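[1] Okay, predicted coordinates and the sequence, questions at the end:
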Amino acid sequence: MPEVIHFRDSDKIIKEKGLEPDVNITLEYVEAMLYGTLYKRELTIQALKECDWREEDLSILDGRRYQYKGIKKGVAIEGNFASYEYILEGLFRLQIGFDKGRIETGILMLTSERSEKSRLGTSIELAKLEVEQLYPTISMPVTIALFDLGSPDLPDENSVKGGETVGVSVPPVKTIEEYTQEDWEKYEPFP
């Protein structure tokens, strides 16, 4: 389960709407589905669709293509797993819906992965500090879910499996200077 932080009684709003089990199941499912994967956007949408978060109108602004990842009973889900720094954009997108009366609270899903060189503490400490510092600009009740999704398990380009090379070996391309007279005689341009 991701690390979950509630701000400004967002947990009470989720509970009042009877969505606490839905939120927990959804966050666990998203984590299970995305762990160790490379292409997270499509899988996130699929997971939210399967958990019925994509049944309502997802628009953030009328006449624009900006959309939340999901909405259910006035609770929006937004997120991005490519960069923790999406926190600012995600909170802003949720705040717009809150200010327009479209949502009552939001859930922001983020990666907890940050640079090892960071001197700003843990992702939880940083998220708490940033949400507090963004007040009053970001004033809505919001829940932040920090995910540790691991690294994708990518095979080496020329990995060896059972003593055999996996894949196809492609010879290097010659530069124009490396072509011999014989190469030029065999040359056939594309039709």
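    Now that the structure is in, tell me what you want to look at.

[2] Can you find the helix or strand of this structure with the lowest average pLDDT?
    Lowest on mean pLDDT, DSSP states H and E among the helices and strands of the chain sits strand 160-161, with a mean of 55.

[3] Low-confidence bits of this structure, can you list those?
    In the prediction, the chain carries residues with pLDDT under 70 at positions 115-118, 153-171, 174, 176, 184, 189-191.

[4] The top helix by length along it: which residues count as buried?
    Counting residues, the longest helix found in the chain (DSSP state H) is helix 20-34. Using 16 or more other Cβ atoms under 10 Å as the test for burial, helix 20-34 gives Asp22, Val23, Thr26, Leu27, Val30, Glu31, Met33, Leu34. Every residue, glycine included, has its C-beta placed from N, CA and C.

[5] what's the answer for stretch 73-83, then?
    Residues Gly74, Val75, Ala76, Ile77, Glu78, Gly79, Asn80, Phe81 are the ones in stretch 73-83 that count as buried (16+ other Cβ under 10 Å).

[6] The chain: helices as residue ranges?
    According to DSSP H, the chain carries its helices in the segments 10-16, 20-34, 40-50, 87-99, 123-133, 181-186.

[7] can you list the residues that contact the third one?
    The one in question is helix 40-50. For helix 40-50, contacts defined as Cβ atoms under 8 Å, 6 or more residues apart in numbering pick out 26, 29-30, 33-34, 37, 54, 69-70, 77, 79, 81-82, 109, 149.

[8] out of the residues you listed, who's nearest Thr122?
    When the contacts of helix 40-50 are compared for distance to Thr122 (Cβ to Cβ), Leu149 comes out closest, at 16.4 Å.

[9] Run through the bridge partners of Ile144.
    Ile5, Leu108 (DSSP bridges).

[10] before we move on, the earlier item: in JSON lines: the helices of the chain, plus distance to Ser139.
    Shown next, in JSON lines, are the helices of the chain (distance: least, Cβ to Cβ, whole Å):
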{"stretch": "helix 10-16", "distance to Ser139": "12"}
{"stretch": "helix 20-34", "distance to Ser139": "21"}
{"stretch": "helix 40-50", "distance to Ser139": "26"}
{"stretch": "helix 87-99", "distance to Ser139": "7"}
{"stretch": "helix 123-133", "distance to Ser139": "10"}
{"stretch": "helix 181-186", "distance to Ser139": "70"}
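
[11] Val173 is nearest to which of those helices?
    Evaluated with Cβ to Cβ, the helices of the chain place helix 181-186 nearest to Val173, the distance being 11.9 Å.

[12] can you give me how far that closest one is from the chain middle?
    The chain centroid and the centroid of helix 181-186 are separated by 52 Å, computed with Cα atoms, centre = their mean, to the nearest Å.

[13] again with stretch 70-89
    8 Å.

[14] How about stretch 9-20?
    Distance, centroid of stretch 9-20 to centroid of chain: 23 Å (Cα atoms, centre = their mean).

[15] Endpoints of that stretch, how far apart?
    One end of stretch 9-20 sits 13 Å from the other (Cα to Cα, to the nearest Å).
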